[in-house]
Each structure stands twice: as structure tokens, then as C-alpha cells.
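Asks: Predicted coordinates and the sequence they were generated for:
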Amino acid sequence: MGWAGKILRVNLTAGTVKSEPLNMEWAQRYLGSRGLGTKYLMEEIDPRVDPLSPDNKLLFATGPLTGTMASTGGRYTVITKGALTGAIACSNSGGFFGNELKNAGWDMIIVEGRAASPVYLHVENQTARLLPADDLWGTSVWHTEEAIKAKHHDPQIRIASIGVAGEKGVKYACVVNDLHRAAGRSGVGTVMGSKNLKAIAVRGTLGVRIKDFDAFFRATEAAKAVLAGNAVTGQGLPAYGTQVLMNVINESGAMPTRNHRDIQFEGAHKISAEAMAEKRPTDGKANLARNGACFGCTIACGRISQIDRTHFSVKDKPQYWGASGGLEYEAAWALGSNTGVDDLEALTYANFICNEQGMDPISFGATVSAAMELFEIGAITTRETGGIELRFGSAEALVKLAELTGKGEGFGAEIGLGSRLLTAKYGHPDLHMGVKGQEFPAYDSRGIQGMGLTYATSNRGACHLRSYTVASEILGIPEKTDPLATDGKAGLVKAFQDATAAFDSAGICIFTSFAWTLQDVAPQVDAACEGDWTVEKMLEVGERIWNLERQFNLAAGLTAKDDTLPKRLLKEAAKTGPATGRVNDLGKMLPEYYALRGWSPDGVPSNETLARLAL
Amino acid sequence: MQRSLNIDPGKCTGCRQCEMACSYENEKVFNPSKSRIRVFTFDAEARFVPYTCTQCAEAWCMRACPVDAIRINLGTGAKEIHNDVCVGCKVCTIACPFGTVNYNADTGKVMKCDLCEGDPACAKACPTAAITYVDANWTGLDKMRMWAAKTDSAMTAN
């Protein structure tokens, strides 16, 4: 129980679908979602495979708490070899799709091969069919959702799909579900596009069962009370969303600005949560219409925004006048601070386009900012950009490039390469601000030292959602550490990484960890699932998953040389703020981290470590 | 005293805890498709609206039922389906102007909100108090209070 016990295997090359039992022995060792999906991927593909070849596989995996009353228990993960990175990719999404898949009686869908022409998968409980998607190909996520619901006469279908970005091979294309929730990073949507799979449409009415309802109800009620009583999850996130961080991080001197040339953004207050809540002089409405929740979530951090109809980006486009998914902190930073654009409405529009066409706003914004720097140093000109004056701070350029990149047209096709390939193409690979090909999120590791180690060692490339030491270094959760110190950060990063892998694999949202520890999660998993799910077992599972992901990457050809940061962060000192004069001291943290992990000095898990974790 | 479910869509975040609680209470499974209360999302308008049976005093469903399978619970005022009598003819689903009585193909019976014998699971599960269970005679009290607060007491002070 907790698990549905079934996998849906879909072979696009052969056009077949079949049901298989879930490997319950693996479920005890990898829990679900991120962990269990990675185990299946590791067993079934050669990690050296070209991510866009039919030999790569694409998994949609729920966790044992997905579809239950556990708060935030609605999540699913897309697992594959990443198109952007060539590393393990594992992108997590909320919304309502994950619950629907679980309610249809499936823990996981494994997609193999490549369809000869565009198809979509229609799942109605235990019946699954591949159907032609020729009429959907070339259309947006938003159109695809509407068209599939209309075709099946069923408004209750939940859909995960790619937009035109994923079809056109934009390297950081997302899988988007429920219009504006996304499995966002590493190019999981690009892999889906390479398989000619437009969408997965699911309707589930079978229900989700758990082991012990009384114990589960007690555990989930207690855990919900913890969320409600916590200042971050009970007040900050519902009121301000993740955007509550904009001014905090800027003041901490850790806000990457203009492709990390600067570390504080003078326009932060214009694109912050507070700015989103202010009434506009033009129409008397605020950018933020209200907050919204994903399935089962008692936090409700989601932003639902409306764009000013008189703004240049939408004034002739009524299709963007309604409310839709608004700016999270990461999107506001990548599209805003990092490009030097402080026009809140333009950022919101670019974010809508990212949702509509299915692309990661972090990598898109960061690639635009890298292109802006290339433009400013003269490495590219209006000849390459098709006439776009690509200067930092240009809202017009940002808006135009969002439209072009979403459709893979013009210079947008080059922005779609991601910043690693783009900067290399024009002779300045040092201007790629990322790790393992994946662009940084919204924290500059010169101002928050632990995040440097987090990024360098993240198995899916630069990412804040693998060990969010910002919680400790800036917010003091679970205890305050000095953001400018390196001492103790190796242990902090490892602890966050292992716990996060356990949270992710349960089918819940990592934002609960602002308030919850595994002490809150383990009783919920234990009441839902067979097996003795203690905190210790959860931590061991988390560490096992981390090492399994590492093994995937090593087998894919990555080495310790890839556990590094761009020269800019290691050599160019921060110019303003509390971190003035500092670089990231990765070299002081990385050897200690390898040792704590039980890895060799060149980052390979030792035989003892593998044996201890039964890998 | 009879109580009513009181729904304030302005407080709803669309999380569906109510749907899971309802399905568990009635079916012993987490299954929103078996919930007697449903949340509707109007995305472009940024609105979430929970909707369920209002327990009409002169209930269309009860009047329409040819076999008297829908009866009043005198304690709660709920119109309850008696599954041992219901023949699954679905006339009540047509009669209800609000669509809140629906057929359950798994059981061959209809289903609707029965107020959980006076302790509604949806209201207990709602994290934002968008669903509350209040004095049936005073469902307007919150709105009255809101308007009362806006009155200008100085007008009658002299």
C-alpha cells in the first residue's frame, strides 16, 4: 500500500503498452519517485547513451505519498538522461497530474523508443492507448491541454505535455502539467520531444490506498499543524510565494546580476513580492491576483498573476489578459536581475511564454543574460541576433527572445542551445554560468559559500533543490550558519542532499522542509507503506539514492573535473555587499565533502561505501 | 441546532484536501473522483470554488425519487441516500438543479453529500477555513458582520 504496485511500460517504437508489477524489493530500498525511478533508469539504459536517441528512456514516477492526504502529496518526477547536461536528470512537478496518475493505478510510466510520427498517450485507469498527435504537434502546452480535453469530452483529464520548445529541441525544454506547473530543469521536455511524444493525458478514478489510516491521519494532521505554525510555510510562502526571498537575498549580497558580473541588483525592489502585490497606476490591479495550491498542499505558495493589459508585451494579445502562473523567485531572478530587466510586467509575460511553450525560465533567462554579455563585449552583433539590440536591461529584447525561443525561431534557436553551447560557439566558454551544462539558480555562491559546494556536486548540474543550504546560511533553518564561512559546509551539504533525496522520493514537496524534518516525514511514510520507515531508514535511502545518481554520472563519463564552478566565481571577487572581496572557496570544501561521502579524492564512491549502502 | 456547510471561495486555494477527506470518509480510499464535494478552478479568473449539495428544504432529488431512497436525517437536516433502497435510476441526478447528486457506476447507486452525520470531513480537512460548518439559520452572519463593520456609527451618535 502507498504504492499502487504497477508500472505502465510504453514502447513508442513498437507502439505497445503493457502493465508490469512494481519491483517491491527496490521500493523498500529506493522508496519511490526520484529514487525508484533512478533505479529503474540505471538498470535499463546505458548511461553513455545519447540523451536524444531512442535508447534513452523517460520515466514519470509518483511516490508512495502521492495522491494521499499528506500535505503536498501530489508530486511526480520526470527521470531521464538530461538533454542539457548529459547527466542524470530528475525534475519534480506539482499541480494535479501526479495525483491523477496515481489514481489511475500506476506508480510509474516508463517510456521507451521513439514514435515514427507524433503521438500522445491516453491513460484511463488501467487502459492505455497511443493516439496520433499530428494535429497537436506545433502547438503550445495551453492549446494541447484544451484540445485533448475537448477531444475526449472530459474536462477532468490531467495532462503533462511539451510545447513547441520541446519539439524544436530547445535544450532546456520542460514537461508542463496543468498549464503552469513544470518538471522544469535539465531538458526533460527535450527528451520527450525527441521521442515524438507530445503529451500524456490521464484520468484516474481508482483511488489510493494506504496501510494504516488511523496512524496516517494522526501523522498527517500533526505534520500539517507544523506547516501551519511555521513562519515560512504558514505565513511567508502563502502570502509572498518564493518571491519573499528577492529582497532578502539581494541584501545578503548573493543575487546574481547581469550574468553574475554583479552580486546585487539595483532594481530588485521593482520585481519583488512586494512589487507584485502593489496596485498598478494603470488599471488599479496588482500583478498578483491570488495564491494557489498544488494538489493536497496546505502551504499554497503558487502565484496566480495577471499582466497589465496596456503593457507593450500584451496590448494587442488578449489571449494573455487572463490570470495564469506568475513569477516564482527563480523565474523573477533569471528573467529579471540576471538580465538586468526590472520591468515586472515584461518578466511576467516572459514567464507566461515559458509556461505556454514549455521551457525552463532559469536556463532561458540565464542564457539570455550570457548572450547579452556576448553582445556587450562584441562577440555577437545585431547580425547574429537578427537586429535585436541585446543589451542588459532591455525588456524589449527579453520579450522578443522569449517568443522566438519558445518557437525555436530566428536567434531564439541559438538561445535554445543553452549558455554552455552558445558561449562556446562564440568563443567565450568562460561566460557560461553553470555546472555540468546547467545554468545556476538564483544564489551567487560568493555570497553563500555552501551553495558553491551544492552546485559543484549536484548530480543534475547546478541546482538549488538538491541541497538548499540557503535555509541554514541565510534563513537559519534548522540552525544559522555563516554564509561567508566554509567550515562545516561539507557536512551541511551532505546532510541536506541525503534528506532532500528522501523527501523527493516520498512524493511530497521539498518546500515542506522549511518546517519539516525527516522526523515529520517518516511517520507519514510508515503509516502509508509496508516496511519499517524510520528516520534512519529514510536517511539511508536518501544517501543510497545520492550515490546511485553519482554512479550514473560516473558511468556516463563525468568525473571529478565536472564538480567545479566557472572561473568568474572562483577568481573574480564580489564587488559589493557583505561578500565584497570574496570568491567561492570551493577548494576548501570539496576534498572534505568527498571524504565525508566515503568517496576517493577523485570523487568515486569507495567499495566500502557501496557495500555499506548495498549498491 | 441544525448546521450548514458554509463555503467562502475567496479563501479556497484549490488544494483538494476536502475532496480527499470526503472520499475517505465515504469510500475508505483517497479518491477525488468519489468526492461529494468538488473544487472548480477558473484559471483565467484566478478563482477556486468548492461546490456541493446545499441540502434544500424542499429537495428536488427527494421529491423525484420513485422509490423513496432519499430521506431527511432529522438530526442534521441532510438528505441522505439509502443505498439498500436506491435502484440507481438516476432520476434524482436529473431533478437536482445544481448537479450535486451523481451516479457512482462502481456501486450502481447515486451519491451526494450527507453532512457526515453532523461532522463533515471536508470542513475538518480544509486548511484555510474556506469550508466551515455553521448555524444553518445564520449562514449570512459573516457577510452581515462585514457590512455592519462598514456602517458609520457617527450618524446616529447625536
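Replies: Looks like it came in fine.
Asks: Only C-alpha atoms from now on, for both contacts and neighbour counts.
Replies: Fine.
Asks: Enumerate every residue touching the one residue in the stretch 151-300 of chain A that gets nearest to chain B.
Replies: Going by C-alpha to the nearest C-alpha, chain B is nearest to A:Gly207 of the stretch 151-300 of chain A, at 4.2 Å. Listed by C-alpha atoms under 8 Å, 6 or more residues apart in numbering or on different chains, the contact partners of A:Gly207 are A:102-105, B:29-32.
Asks: how far does stretch A:313-330 sit from the chain's center?
Replies: Stretch A:313-330 sits 21 Å away from the centroid of its parent chain (C-alpha atoms, centre = their mean, to the nearest Å).
Asks: Start and end of that stretch, how far apart?
Replies: One end of stretch A:313-330 sits 21 Å from the other (C-alpha to C-alpha, to the nearest Å).
Asks: residues in contact with that stretch?
Replies: Residues lying outside stretch A:313-330 but in contact with it, judged by C-alpha under 8 Å, 6+ apart, are A:179-181, A:241-246, A:288-289, A:302-309, A:346-349, A:351-352, A:355, A:361-362, A:399, A:441-442, B:43-46.
Asks: A:Val202 is in contact with A:Pro155, isn't it?
Replies: No - with contact defined as C-alpha atoms under 8 Å, A:Val202 does not count as touching A:Pro155 (11.1 Å).
Asks: which of the two has more neighbours?
Replies: Higher neighbour count among A:Val202 and A:Pro155: A:Val202, with 24 against 13, using other C-alpha atoms under 10 Å in any protein chain shown.
Asks: What's the local residue count around the residue lying closest to the more buried one once chain neighbours are set aside?
Replies: For A:Val202, ignoring the flanking residues on the chain, the nearest one in space by C-alpha to C-alpha, 6 or more residues apart in numbering or on different chains is A:Val123 at 4.7 Å. By the measure other C-alpha under 10 Å, the count of residues near A:Val123 is 22.
Asks: Under a three-state scheme, what state does A:Val123 occupy?
Replies: When the structure is split into helix, strand and coil by DSSP: H, G, I helix; E, B strand; the rest coil, A:Val123 lands in strand.
Asks: Test my guess that it contacts A:Ala201.
Replies: Yes - using C-alpha under 8 Å, A:Val123 and A:Ala201 qualify as a contacting pair, with a distance of 6.1 Å.
Asks: Endpoints of stretch A:194-205, how far apart?
Replies: Using C-alpha to C-alpha, the end-to-end distance of stretch A:194-205 comes to 31 Å.
Asks: got a list of what the residue nearest to A:Val202 touches?
Replies: If a contact means C-alpha under 8 Å, 6+ apart, then A:Val123 has A:104, A:129, A:200-203 as its contacts.
Asks: how much space is there between it and chain B?
Replies: With distances defined as C-alpha to the nearest C-alpha, to the nearest Å, the gap from A:Val123 to chain B amounts to 15 Å.
Asks: Which pLDDT value goes with that residue?
Replies: Model confidence at A:Val123, expressed as pLDDT, equals 98.
Asks: ok, now how distant is the spatially most central residue of chain B from A:Ser91?
Replies: In chain B, the residue lying closest to the centroid (C-alpha atoms, centre = their mean) is B:Thr52, at 3.5 Å. Taken as C-alpha to C-alpha, the spacing of B:Thr52 relative to A:Ser91 amounts to 36 Å.
Asks: swap in B:Ala95?
Replies: With distances taken as C-alpha to C-alpha, B:Ala95 is found 47 Å from A:Ser91.
Asks: Let's have the contacts of A:Val123 in TSV, adding pLDDT and secondary structure.
Replies: Written out in TSV, the entries for these read as follows (pLDDT from 0 to 100; DSSP: H, G, I helix; E, B strand; the rest coil):
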residue	pLDDT	secondary structure
A:Ala104	98	coil
A:Arg129	98	strand
A:Ile200	99	strand
A:Ala201	98	strand
A:Val202	98	strand
A:Arg203	98	strand
